[in-house]
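In: quick one, fold the following:
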Amino acid sequence: MSKVVMLTKNNCQKCEALKMFLKFAMNNKYEQDIELVNQQEHADVFNQYADKFQVVALPALIFKDEILRDPQPSATMNFFEKHIGKK
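Out: Okay, the predicted model is just below:
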């Protein structure tokens, strides 16, 4: 089963806000379905995704060949429901 890739970096307020939203508002429902790719910890993999999807701002959610840039709450819920399910 494919996972949603979340591109993130250290000291990113929007990244932390998305993580809190996924944890508390969505009750960690998708915790096992997310692969975190941190810019500082996984630079090579991060750069491959960033180049391929032309990512210029974080966080970003990627599933296969679809990307969600600047994920807002409703768009994030829709993205996970579309690609992972678990309503």
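In: where along this protein do the strands fall?
Out: 4-8, 34-38, 60-63, 66-69 (DSSP state E).
In: residue 65: neighbour count?
Out: Neighbourhood size, residue 65 [other Cβ atoms under 10 Å]: 7. Every C-beta, even on glycine, is put in place using the N, C-alpha and C of the backbone.
In: who's in contact with it?
Out: If a contact means Cβ atoms under 8 Å, 6 or more residues apart in numbering, then residue 65 has no contacts.
In: what's the spacing between it and residue 83?
Out: 11 Å (Cβ to Cβ, to the nearest Å).
In: what touches both of the two?
Out: Contacts common to residue 65 and residue 83, judged by Cβ under 8 Å, 6+ apart, are absent.
In: state the distance from residue 82 to residue 38.
Out: Residue 82 is 25 Å from residue 38, by Cβ to Cβ.
In: about what we covered before: out of the strands of the chain, flag the one nearest residue 44.
Out: Nearest to residue 44 among these is strand 34-38 (9.9 Å), distances taken as Cβ to Cβ.
In: okay, now the sheet partners of the closest one, with direction.
Out: strand 4-8 (parallel) (DSSP bridges).
In: and the nearest residue to residue 53 once chain neighbours are set aside, what are its bridge partners?
Out: Of all residues beyond its chain neighbours, the one nearest residue 53 is residue 67 (4.7 Å), with distances taken as Cβ to Cβ, 6 or more residues apart in numbering. Using DSSP bridges, the beta-bridge partners of residue 67 come out as residue 62.
In: if we can go back for a sec, can you redo the strands of the chain as TSV with mean pLDDT?
Out: Listed next are the strands of the chain as TSV, based on pLDDT from 0 to 100:
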stretch	mean pLDDT
strand 4-8	98
strand 34-38	97
strand 60-63	98
strand 66-69	97
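In: now render those strands as JSON lines, adding mean neighbour count and distance to residue 51.
Out: Listed next are the strands of the chain as JSON lines, based on neighbours: other Cβ atoms under 10 Å; distance: least, Cβ to Cβ, whole Å:
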{"stretch": "strand 4-8", "mean neighbour count": "22", "distance to residue 51": "11"}
{"stretch": "strand 34-38", "mean neighbour count": "17", "distance to residue 51": "13"}
{"stretch": "strand 60-63", "mean neighbour count": "21", "distance to residue 51": "12"}
{"stretch": "strand 66-69", "mean neighbour count": "16", "distance to residue 51": "12"}
